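Undergrad: quick one: sequence and predicted model below, then my questions.
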Amino acid sequence: MSWDLILSVASAMLPVPLALYCYVLSRRLRKLNDLESGLGAAIAVMSAEVARLERSIRRAKTEAEQAAHNLCGTIATARDEQAQLALRQDITRAGGIRPRRLKPRRTERAGADA
């Protein structure tokens, strides 16, 4: 056997394992990209979940902004009411206005007996 024959046989046999490797690799890649059970399905599910989460985040952000706006309005109302109450208390203290106590009325009999 000469080196030429050995090299010819080796170069003829070398593509066979490479072809087999490429065939196995293409089958694995097809399974991986399968939209029903492979990585493609996982990517599709994750994309749908990301879209759902983005909608939920937008909705939560809108609700939080609305709640913050309502809270600011409530705080402003409470401050106004507190200011009005403090003003009333200052006026009553400064003016010396005290609630009057009613004296009992004298009845006709009491006046006739005296």
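TA: Everything's here; your move.
Undergrad: quick one: mean pLDDT for the helix or strand harbouring residue 70?
TA: Per DSSP states H and E: residue 70 is located in helix 39-95. Helix 39-95 shows a mean pLDDT of 91.
Undergrad: how far does that helix sit from its chain's centre?
TA: 13 Å (Cα atoms, centre = their mean, to the nearest Å).
Undergrad: which elements pack onto that helix?
TA: Judged by 3 or more Cβ pairs under 8 Å, 6 or more residues apart in numbering; DSSP states H and E, the packing partners of helix 39-95 are helix 15-33. C-beta here means a position set from N, CA and C on the backbone, and glycine is covered the same way.
Undergrad: hmm, who's touching the helix it packs on?
TA: 37-40 (Cβ atoms under 8 Å, 6 or more residues apart in numbering).
Undergrad: secondary structure class for residue 37?
TA: Of the three states, residue 37 takes coil according to DSSP: H, G, I helix; E, B strand; the rest coil.
Undergrad: residues touching it, list them.
TA: Taking Cβ under 8 Å, 6+ apart, one finds residue 31 in contact with residue 37.
Undergrad: state the phi and psi torsions of it.
TA: Here is the backbone geometry of residue 37 (degrees, to the nearest 10): phi -140, psi -10.
Undergrad: and it, how far is that from residue 91?
TA: Going from residue 37 to residue 91 by Cβ to Cβ, to the nearest Å gives 80 Å.
Undergrad: same check on residue 17?
TA: 102 Å.
Undergrad: report pLDDT for residue 102.
TA: For residue 102, the predicted pLDDT is 69.
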